[in-house]
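In: Could you look at this predicted model? Sequence included:
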Amino acid sequence: MTADIDILGNVKEGVIAVPARAIVRLDDRQYVQVLNSNNELEEVEIDVGLRGSDGFIEITRGLSGGERVITSVR
């Protein structure tokens, strides 16, 4: 016999979250790249919170919502 279960740990709603692949870690810094109003890349230092099972990570400092975060560069 087997069983599948889902266990929910911490749950937060209404947070800013970005895909984990968008976060750049360099030394002790974590940042994301965003397109500013002039369509130029800008690095924004962030702090992170909870990591979701869907591959997204909560941003607790650095973004306010509505920014265009770069997830990959071709």
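Out: Structure received.

In: Tell me how far the closest residue to residue 21 other than its chain neighbours lies from residue 34.
Out: Nearest residue to residue 21, sequence neighbours excluded (Cβ to Cβ, 6 or more residues apart in numbering): residue 71, at 5.7 Å. Just so you know, the C-beta spots here come from the backbone N, C-alpha and C atoms, and that holds for glycine as well. Distance, residue 71 to residue 34, using Cβ to Cβ, to the nearest Å: 11 Å.

In: Please apply the same query to residue 4.
Out: Taken as Cβ to Cβ, the span from residue 4 to residue 34 is 39 Å.

In: Which one's more surrounded, these two?
Out: residue 34 (18 against 4; other Cβ atoms under 10 Å).

In: dump the residue contacts of that one.
Out: Counting by Cβ atoms under 8 Å, 6 or more residues apart in numbering, residue 34 touches 41, 42, 44, 63, 67, 68, 69, 70.
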